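Novice: just to be clear, the model below is a prediction. Sequence and coordinates:
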Amino acid sequence: MKPRVRSKRRFTFDLEGVMCFVAALVLAGLGVAENLDTYWLGQRGEVVTATVLDEYGGKTTRIDVRYVTKAGQTIENDTANYLEAEVGKQILVVYDPENPYRMQAADWGLDYWLGGLWFVGVVFFACFGVTRLWPRT
């Protein structure tokens with residue numbers, strides 16, 4: 001009788017490794033969404049004056065603002081993307097005319113550093129997931 005030859009498995013199932021890949025996918029989605037918002041605000045954003053209605057939050061503060069689009073639509077929205085704002089004062093905001101609720105304060109800037117941070121997390125979780133799933137000899 002011939003001895004049975006077992007093939008080596010290429011990857012092992014490890015729940016932590018799978019969860020790392022799930023976390024990498026979630027962070028990739030958040031990074032893409034953040035960068036798309038920034039891209040569209042940079043490409044077709046329009047700057048208008050808004051009134052700060054409220055400022056709230058703990059570690060990360062947010063502001064509620066009201067502004068009128070160039071099409072005449074009044075929008076109330078909130079954002080954490082601002083540098084300086086006082087309740088009752090006016091600030092400049094940039095909004096997307098195709099989606100007027102996509103907005104941020106104009107003083108925040110339109111760079112991709114925040115979305116880039118999400119992708120640093122993607123690389124970390126993907127690398128950790130590969131090491132957890134790689135076969136141990």
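Specialist: Yes, it's here. Residues are numbered from 1 along each chain as shown.

Novice: which helices and strands does the longest helix out of those in the chain pack with?
Specialist: What stands out as the longest helix in the chain, according to DSSP state H, is helix 15-44. When contacts are defined as 3 or more C-beta pairs under 8 Å, 6 or more residues apart in numbering; DSSP states H and E, helix 15-44 packs onto strand 90-96, strand 99-105, helix 113-133. To be clear about C-beta, it is placed using only N, CA and C from the backbone, and glycine gets the same treatment.

Novice: buried set for it?
Specialist: 17, 20-21, 23-24, 27-28, 30-31, 34-35, 37-38, 40-41 (16 or more other C-beta atoms under 10 Å).

Novice: rewinding a little: residue 66: which of the helices and strands packed on helix 15-44 is closest?
Specialist: Residue 66 sits nearest to strand 90-96 of all the helices and strands packed on helix 15-44, at 9.9 Å, using C-beta to C-beta.

Novice: quick one: contacts of the closest one?
Specialist: 40-41, 44-52, 65, 67, 69, 75, 79, 82, 84-85, 101-107, 110 (C-beta atoms under 8 Å, 6 or more residues apart in numbering).

Novice: so residue 19 versus residue 90, what's the distance?
Specialist: Residue 19 sits 46 Å away from residue 90, going by C-beta to C-beta, to the nearest Å.

Novice: next: residue 83.
Specialist: In terms of C-beta to C-beta, residue 83 sits 15 Å off from residue 90.
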